[in-house]
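This is the structure alone, sequence omitted:
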Ligand SMILES: Cc1cc2nc3c(=O)[nH]c(=O)nc-3n(C[C@H](O)[C@H](O)[C@H](O)COP(=O)(O)OP(=O)(O)OC[C@H]3O[C@@H](n4cnc5c(N)ncnc54)[C@H](O)[C@@H]3O)c2cc1C
């Protein structure tokens with residue numbers, strides 16, 4: 001039914017698109033609702049974890065960090081029971097960062113399997129995020145590895161996380177990624193290169209991001225706090241080892 005996605009609006013949990021339709025921001029000719037598409041569920045095969053696009057965020061609460069800590073800070077239980085993994089990976093920023101799992105999945109070295117023009121495709125999350133238009137996410141998969149999540153805390157569960165950093169110790173070394181630091185989740189290669197020195201890694205991270213003002217934080221505030229979050233994530237990772 002999705003085909004090449006032309007003119008089709010995908011509805012995962014609908015926590016973003018349903019209000020958008022109500023407010024008249026989107027007027028889709030066709031809406032494809034995924035809630036009974038059989039795309040939900042978490043499968044484990046050895047250390048490989050595969051999460052279906054239709055899986056509600058609430059079901060990720062038992063997965064090790066950085067996943068669990070990230071999910072625990074996305075909105076509240078009501079939203080997390082409705083919102084899906086596919087919707088989070090495809091969420092675009094709007095007055096605030098949305099798509100907190102994007103950074104987590106980049107740090108985990110996850111791959112996204114999607115359908116669309118040209119058929120099925122499996123690619124690293126960062127490649128998918130750079131060209132996700134016209135794709136239907138089927139699932140996301142990664143090898144389990146120790147991880148940490150550092151984020152800007154906020155006062156109210158209905159607020160968005162202004163900035164967050166994920167760190168994962170993978171087979172190929174430490175991987176770092178951020179959300180709230182660009183148009184979507186971004187990998188932090190300059191910070192990764194200095195990962196054995198958390199202070200230096202924090203400063204280096206500023207070369208990897210595209211900071212902007214929005215309703216929840218200014219670019220200036222993000223510039224001050226990104227190095228601190230990178231340092232904290234690396235220190236947490238070290239403590240967990
Ligand atoms: C009060 C409130 C607080 C929130 N706080 C946060 C927060 O702290 N952090 C955060 O990250 N988000 C937050 N959100 C945003 C949102 O709830 C999440 O990003 C959620 O994961 C979106 O998932 P969904 O399934 O509801 O997406 P939907 O609304 O269904 O879809 C979102 C986008 O993804 C597309 N899409 C959905 N599924 C797929 C798929 N399988 N393949 C391709 N495209 C797809 C849709 O077409 C749409 O463009 C908040 C929302 C609310 C209402």
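Cool, got the structure. This structure is a prediction, so every number in the text was calculated from the model and none was measured. Numbering: from 1, shown residues only.

Low-confidence bits of the protein, can you list those?
155-158 (pLDDT under 70).

Tell me the span between the first and last residue of stretch 172-184.
24 Å (C-alpha to C-alpha, to the nearest Å).

mind listing what the most far-flung residue of the chain relative to its centre touches?
Most distant from the centre of the chain: residue 29, at 28.0 Å, with distances by C-alpha atoms, centre = their mean. By C-beta atoms under 8 Å, 6 or more residues apart in numbering, residue 29 lies in contact with residue 7. In this view, the C-beta of every residue, glycine as well, is placed from N, C-alpha and C.

Ramachandran angles for it?
phi -70, psi -40 (degrees, to the nearest 10).

Ok, residue 115 next?
According to degrees, to the nearest 10, residue 115 has phi -120, psi 160.

So it is in contact with residue 2, correct?
Yes. At 6.2 Å, residue 115 and residue 2 qualify as touching, with contact defined as C-beta atoms under 8 Å.

so what secondary structure elements neighbour the helix or strand encompassing residue 203?
According to DSSP states H and E, residue 203 maps onto helix 198-205. Packing partners of helix 198-205 (3 or more C-beta pairs under 8 Å, 6 or more residues apart in numbering; DSSP states H and E): strand 173-179, helix 189-193, helix 219-240.

Flag every buried residue along the first one.
So that's strand 173-179. Using 16 or more other C-beta atoms under 10 Å as the test for burial, strand 173-179 gives 174-179.

For it, enumerate its sheet partners and note whether each is parallel or antiparallel.
Sheet partners assigned to strand 173-179 using DSSP bridges are listed as strand 164-170 (antiparallel), strand 186-187 (antiparallel).

one step back: from the buried residues of strand 173-179, pick the one nearest residue 46.
residue 175 (20.0 Å; C-beta to C-beta).

by contact count, what packs against the longest strand seen in the chain?
What stands out as the longest strand in the chain, according to DSSP state E, is strand 135-143. Secondary-structure packing of strand 135-143 (3+ C-beta pairs under 8 Å, 6+ apart): strand 48-52, helix 85-90, strand 111-116, helix 125-130.

The last one near the ligand at all?
The one in question is helix 125-130. No. With C-beta under 6 Å from any ligand atom as the criterion, the ligand is not reached by helix 125-130; the gap is at least 10.0 Å.

what sits up against that helix?
By C-beta under 8 Å, 6+ apart, helix 125-130 touches 89, 102, 105-106, 110-112, 114, 135, 137, 140, 177, 184-187.

at 6 Å what do you get?
Residues outside helix 125-130 that contact it (C-beta atoms under 6 Å, 6 or more residues apart in numbering): 105-106, 110, 112, 184, 187.

restrict these to those near the ligand?
Among the contacts of helix 125-130, proximity to the ligand is found for none (C-beta under 6 Å from any ligand atom).

Can you lay out the residues you listed as TSV showing distance to residue 223 and neighbour count?
Output for the contacts of helix 125-130, formatted as TSV (distance: C-beta to C-beta, whole Å; neighbours: other C-beta atoms under 10 Å):
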residue	distance to residue 223	neighbour count
105	25	31
106	21	26
110	28	24
112	30	25
184	19	23
187	18	21
